[in-house]
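A.B. asks: Fold the following and give me the result.
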Amino acid sequence: MEFLNSLAQLMNGGLLAIAEGVSPMLIILALLLTSLVLVSLALVRFQQSLLIGYFLCGVAAANSGLLKLAGPEFHHSMSGFAEVGVVLLMFTIGIEFSLAELKHLRHTSFVGGGIQCGLTMLLAFVVFKLCGFSVVQGLVAAVAVAVSSTAVSMKTFQSLGIPAGPASRTTLGIALFQDLLVIFFMVMLPALSKSATGGGEDSHLWGSLAGTMGNGAIFAVAVWLLGRYVVPRVMLAVSNTRSRELFTLMVVALCAGVTCLAAALGLSPALGAFVAGLVASGSIYSHRVMADILPFKDLFLTLFFVSIGLTIDVSILSQNLPSVVAFTLALILVKAAVVALACRALHLTWRAGLMTTAALASAGEFSLILMTRSKAQMPWDEVFVQVFNTSGAISMALVPTLMRAVPNIADWLERKGYVKSKKTAAVNADYKQKIKSLRGHAVLCGYGHVGTALHRSLSKYGIEVLVIELNVDTVRTLKRQGISVLYADAAQRETWELARLNDASLVAFTFPDARIAFEAIQLVKEFNAEVPILARSRFASDRGRLLDRGATAVVQDESEAATSMLRYAEGIYHELESGSGEDERDADRDRINKI
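C.D. replies: From the prediction side, this is the model:
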């Protein structure tokens, strides 16, 4: 620590000397973001969760002395960024939350999730009460222990190449139940906090809960009216403008507006953001909304984890290191045991059960969010909060390693005869999961006459197709036909993330707008440099630019039109000499294609 303090003092003096007139907060923010990039590169190399790197950067900044340069306003600003990050996280969860998916996974969600959350909360609540926590504090901490990191586990499933396997679907089902639990608890948290600080928990609790439920009913009616009569019309009007900027503005306005409505009624802003996401998810614009909001969510969520790291005092942790180790081990082992029991109740194979256990045996993003929110609303022991947040972050960091070790462990157990393989219960996938499970598919950008014909031809060879389209009516029609389609913009990076480009076998731009294709090809190459790309162009100059950009082949409309007209003209003048006419036609086609 002495070395870090000395280094910080030296840097502070240097920064003050070279950055006169520059806001200290801007300097610290620049240093933080730069360090985040460097740490993230290292974590990507070792295939670890980036969220942990963000947390560690916050810890390093908080304990190096550099933050003294920025002053107290930096912490206030980071808290504001963190609040926005939580709101946008809840908004995206609302968009991704699917009632149809919950219906398909209802057995996994309510049986598996009920067992996992119920037993974990019961055990944790008993332990916390024995440690002297109040009822409300014990309940908050128990819920924080029960939830897991869905973001880390699902990304690891994708990197392992099993995004739609039994373990992945079971993890998703239990995660849906956890989401429901967190949302319900977010509604109750303001009332629970008031009762915890009201001097008499029993006398205040039921009154606060009743008031919260009443405000919740008013909020539900207001949002239903908005979602039924206002939001769809606004979305349609905005989408018809074909303006990317206006659509993004509309998405942010929807999220902020519903969030403020919830806060005005005394409800959690996070609940408002989640409901706003649900309103958006019920429309055909959900994928476009997700593509627009993801960059903002990722940025502010990064700052949220940094802000949590900023609250960690290494000197306190060093004095309580045995507690951190013990709490981390207890968290992982107890949750693993409970999840394994839930997997047995769901009749999963040992292999799938082990993978699900590893995926859910940690704390989660909402564990840290709940503790941070409750700390601002009720008294907590500072040492416990820091130990909990640190142990939660460590457990999340261990998830990818545990999941990658499971196949080898399962192979060894089966090889030794300790376990036997069983067929797992089938788990159905809904429309969204169908897109997530695509592999070897062709991505068609645009579904006009050319796109329709290409889709028909690819279907004859059994090749699955994912369509990217901005025409609302076309998207509705394709969804009714059961065709995988995204209402999204091909010129946006997030669209290609949603399109599972790493697993695609072909990308085809079936529209002749070379400008959009030119921008999109660069994005495609960044995600998958080997995938073949077909494109269209109106003019010969555009054809050359698209080929230089990376297109595998470009169909030029002028050339094809000239070839077709030549063919029809030859049919009219069929009296031309049959012997030389065929050779001349071939020569003409070659000459035109070279134009």
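A.B. asks: Show me the contact partners of the helix or strand containing Pro322.
C.D. replies: Using DSSP states H and E, Pro322 maps to helix 321-345. Around helix 321-345, the neighbours that count as contacts under Cβ atoms under 8 Å, 6 or more residues apart in numbering are 111-113, 115-116, 119-120, 123-124, 145, 148, 170, 174, 317, 352-354, 356-358, 360-363, 383, 387-388, 390-392, 394-395, 398. C-beta: built from backbone N, CA, C; applies to glycine.
A.B. asks: and the helix or strand where Ala61 lies, how far from the chain's centre?
C.D. replies: Here Ala61 sits within helix 50-63, counting by DSSP H and E. From the chain centre to the centre of helix 50-63 is a distance of 21 Å (Cα atoms, centre = their mean, to the nearest Å).
A.B. asks: List the buried residues in that helix.
C.D. replies: Buried residues in helix 50-63, counting neighbours by 16 or more other Cβ atoms under 10 Å, are found at 50-63.
A.B. asks: what residue lies at the spatial centre of the protein?
C.D. replies: Ala151 (6.6 Å; Cα atoms, centre = their mean).
A.B. asks: Just confirm that residue contacts Leu89, I think it does.
C.D. replies: No: in this structure Ala151 lies outside contact range of Leu89 using Cβ atoms under 8 Å: 9.0 Å.
A.B. asks: quick one: contacts for Ser193?
C.D. replies: Counting by Cβ under 8 Å, 6+ apart, Ser193 has contacts Val136, Ser374, Gln377, Met378.
A.B. asks: Need the per-residue pLDDT for the closest residue to Ile521 other than its chain neighbours.
C.D. replies: Nearest in space to Ile521, with sequence neighbours left out and distances taken as Cβ to Cβ, 6 or more residues apart in numbering, is Arg549 at 4.7 Å. We note a pLDDT of 87 for Arg549 in this prediction.
A.B. asks: Which one of the buried residues of helix 50-63 is nearest to Met186?
C.D. replies: Nearest to Met186 among the buried residues of helix 50-63, counting by Cβ to Cβ, is Leu51 at 20.0 Å.
A.B. asks: From Val147, how far out is the closest one?
C.D. replies: 14 Å (Cβ to Cβ, to the nearest Å).
A.B. asks: Equivalent analysis for Arg106, please.
C.D. replies: Distance from Arg106 to Val147, by Cβ to Cβ: 19 Å.
A.B. asks: These two - which one has more neighbours?
C.D. replies: Val147 (29 against 14; other Cβ atoms under 10 Å).
A.B. asks: pretty sure that one contacts Leu368?
C.D. replies: No: here Val147 does not reach Leu368: they are 10.0 Å apart, not a contact under Cβ under 8 Å.
A.B. asks: Share the number of residues neighbouring the residue nearest to Ile521, please.
C.D. replies: Neighbours of Arg549 using other Cβ under 10 Å come to 19.
A.B. asks: re the thing from before, for the residue nearest to the centre of the chain, which three-state class applies?
C.D. replies: What DSSP: H, G, I helix; E, B strand; the rest coil gives for Ala151 is helix.
A.B. asks: give me the number of residues near the residue nearest to it when sequence neighbours are not counted?
C.D. replies: If the residues on either side of it in the chain are set aside, Ala151 comes closest to Glu365, at 6.3 Å by Cβ to Cβ, 6+ apart. For Glu365, the neighbour count with other Cβ under 10 Å is 24.
A.B. asks: Over to the one 10 residues further on?
C.D. replies: Taking other Cβ under 10 Å as the neighbour definition, Lys375 ends up with a count of 16.
A.B. asks: which residues does it contact?
C.D. replies: Taking Cβ under 8 Å, 6+ apart, one finds Val385 in contact with Lys375.
A.B. asks: if I've got this straight, it is in a strand?
C.D. replies: No: secondary structure of Lys375 (three-state DSSP): helix, not part of a strand.
A.B. asks: Could you measure from it over to Thr311?
C.D. replies: Lys375 is 9 Å from Thr311, by Cβ to Cβ.
A.B. asks: Ok, Ala529 next?
C.D. replies: On the measure of Cβ to Cβ, Ala529 and Thr311 end up 41 Å apart.
A.B. asks: Show me where the stretch 101-250 of the chain has its helices.
C.D. replies: 106-107, 113-130, 135-146, 150-159, 166-196, 201-225, 231-240, 244-264 (DSSP state H, counting those that start in this stretch).
A.B. asks: Tell me the buried residues in the second one?
C.D. replies: When you say that, I think you mean helix 113-130. Buried residues in helix 113-130 (16+ other Cβ under 10 Å): 113, 115-117, 119-121, 123-125, 127-129.
A.B. asks: what do you get for the last one?
C.D. replies: Judged by neighbour count using 16+ other Cβ under 10 Å, the buried positions of helix 244-264 are Phe247, Thr248, Met250, Val251, Leu254, Cys255, Ala256, Val258, Thr259, Leu261, Ala262.
A.B. asks: Let me know the angle separating the lengthiest helix in the chain from helix 113-130.
C.D. replies: Longest helix of the chain, by residue count under DSSP state H: helix 382-416. If you take axes from the mean of the first three to the mean of the last three Cα atoms, to 10 degrees, helix 382-416 sits at 140 degrees to helix 113-130.
A.B. asks: how about the strands in the stretch 351-500 of the chain?
C.D. replies: 442-445, 465-469, 484-487 (DSSP state E, counting those that start in this stretch).
A.B. asks: Excluding sequence neighbours, find me the nearest residue to Asp503.
C.D. replies: In space, Asp503 is closest to Arg439, 4.5 Å off (Cβ to Cβ, 6+ apart).
A.B. asks: That neighbour against Leu501, yeah?
C.D. replies: No: shown here, Arg439 and Leu501 do not form a contact pair, counting by Cβ under 8 Å, at 11.6 Å.
A.B. asks: Put together a markdown table for the helices of the stretch 101-250 of the chain, with mean pLDDT on each row.
C.D. replies: A markdown table is the format used below for the helices of the stretch 101-250 of the chain (pLDDT from 0 to 100):
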| stretch | mean pLDDT |
| --- | --- |
| helix 106-107 | 80 |
| helix 113-130 | 92 |
| helix 135-146 | 89 |
| helix 150-159 | 76 |
| helix 166-196 | 78 |
| helix 201-225 | 70 |
| helix 231-240 | 84 |
| helix 244-264 | 84 |
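A.B. asks: Would you mind telling me which of those is nearest Glu469?
C.D. replies: helix 231-240 (11.5 Å).
A.B. asks: helices and strands around that closest one, which ones?
C.D. replies: Judged by 3 or more Cβ pairs under 8 Å, 6 or more residues apart in numbering; DSSP states H and E, the packing partners of helix 231-240 are helix 244-264, helix 472-480.
A.B. asks: Any idea which of these gets closest to Tyr568?
C.D. replies: It's helix 472-480; of these, that one is closest to Tyr568 (Cβ to Cβ) at 30.2 Å.
A.B. asks: Extract the C-alpha set from the closest one and format it as CSV.
C.D. replies: What follows is helix 472-480, C-alpha atoms only, in CSV (Å, rounded to 0.1, in the frame of the first residue of the first chain):
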residue,chain,number,x,y,z
VAL,A,472,-42.6,-3.5,-40.6
ASP,A,473,-45.2,-5.3,-42.7
THR,A,474,-42.6,-7.7,-44.0
VAL,A,475,-41.4,-8.5,-40.5
ARG,A,476,-45.0,-9.2,-39.4
THR,A,477,-45.6,-11.5,-42.3
LEU,A,478,-42.3,-13.5,-41.8
LYS,A,479,-43.0,-13.9,-38.1
ARG,A,480,-46.5,-15.3,-38.9
